[in-house]
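Visitor: with the input below, show me the fold.
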Amino acid sequence: MSGLLQRFDGALMAPPGPAAAPLLSEDAALLAALRRWCLFDAARERQDGAPRPRQPMTIARLAGPHPRQAQLAEHLALELDGSLLLQARGRLGGLALRVRVKLQDAGLWPSNADTAIWDAGWLRAGATQACEQFHPRRATLLLVDASAQPQLPQAVAALRQASAGYARPLRVLLLNPPEHLAGETLHVIA
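Guide: Numbering: from 1, shown residues only. So this is what the prediction gives:
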């Protein structure tokens, strides 16, 4: 029941914008590839039967420059965190979704990687200390504009160090990334 008391980690992340930009038809394949990367290994079984990812933290970047990378990242975040689903439902449907999410958080609602509601947001500038203390309450997509994060190596190192104890997966999507991030393997999404 402790899942009911946990909140979105506002010290680490800022939520994505309220509405996703319309997708272009040429964005569909890249968005599908991003979704597959997020969901891969998102729910494996621990010895006690509870879900636990084999790779608690993975980091990715888009292959080459992409003019709409921020819009795609925002769309993916809004899809995973249930915002788009909430917008598509009426008032009663939205209330039902909120109840389902709370039951999911408490472990009382069966969910799999495809149907689980995630936490998603942008890494806040200067959030290295929050990275050290972060433990995902849900599967989490962390969007990072690397050009706006001068302490990116320290933030990633802090997340990586804590990630061995994560019971839920953390996916870090770097936008405008450096070519290399010391000690990290970056998945390239094309």
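Visitor: got a pLDDT number for Arg124?
Guide: Arg124 carries a pLDDT score of 92 in this model.
Visitor: check Ala32 too.
Guide: Residue-level pLDDT assigned to Ala32 equals 92.
Visitor: ok, it - contacts?
Guide: Listed by C-beta atoms under 8 Å, 6 or more residues apart in numbering, the contact set of Ala32 is empty. The way it works is simple: take the backbone N, C-alpha and C, and place the C-beta from them, glycine included.
Visitor: hang on, it in a strand?
Guide: No - with DSSP: H, G, I helix; E, B strand; the rest coil as the criterion, Ala32 is located in helix rather than a strand.
Visitor: begin at 14 from now on, thanks
Guide: Sure, I'll start numbering at 14, so the last one becomes Ala45.
Visitor: please tell me how far it sits from Thr198.
Guide: Noted for Ala45: a distance of 22 Å to Thr198, by C-beta to C-beta, to the nearest Å.
Visitor: for this protein, which segments count as helices?
Guide: Assigned by DSSP state H, the helices in the chain fall at 41-52, 82-93, 96-101, 104-118, 141-146, 165-176.
Visitor: mean pLDDT for those: which is lowest?
Guide: helix 104-118 (a mean of 77).
Visitor: counting by contacts, list what that one packs against.
Guide: Identification of packing neighbours for helix 104-118 by 3 or more C-beta pairs under 8 Å, 6 or more residues apart in numbering; DSSP states H and E yields helix 96-101.
Visitor: got the CA coordinates for the helix it packs on in PDB?
Guide: The C-alpha coordinates for helix 96-101 follow below in PDB (Å, rounded to 0.1, in the frame of the first residue of the first chain):
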ATOM      1  CA  SER A  96      -2.200  12.100 -20.200                       C
ATOM      2  CA  LEU A  97      -3.300  11.400 -23.800                       C
ATOM      3  CA  LEU A  98      -5.600   8.600 -22.600                       C
ATOM      4  CA  LEU A  99      -7.000  10.900 -20.000                       C
ATOM      5  CA  GLN A 100      -7.600  13.700 -22.600                       C
ATOM      6  CA  ALA A 101      -9.500  11.200 -24.800                       C
END
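Visitor: who's in contact with it?
Guide: Pro29, Pro31, Ala32, Ala33, His88, Ala90, Leu91, Glu92, Gly107, Leu110, Arg111.
Visitor: which two among the residues you listed are spaced furthest apart?
Guide: His88 and Arg111 (21.3 Å; C-beta to C-beta).
Visitor: looking at the helices of the chain, which is buried most?
Guide: Scoring the helices of the chain by mean neighbour count under mean count of other C-beta atoms under 10 Å gives helix 82-93 as the most buried, with a mean of 22.
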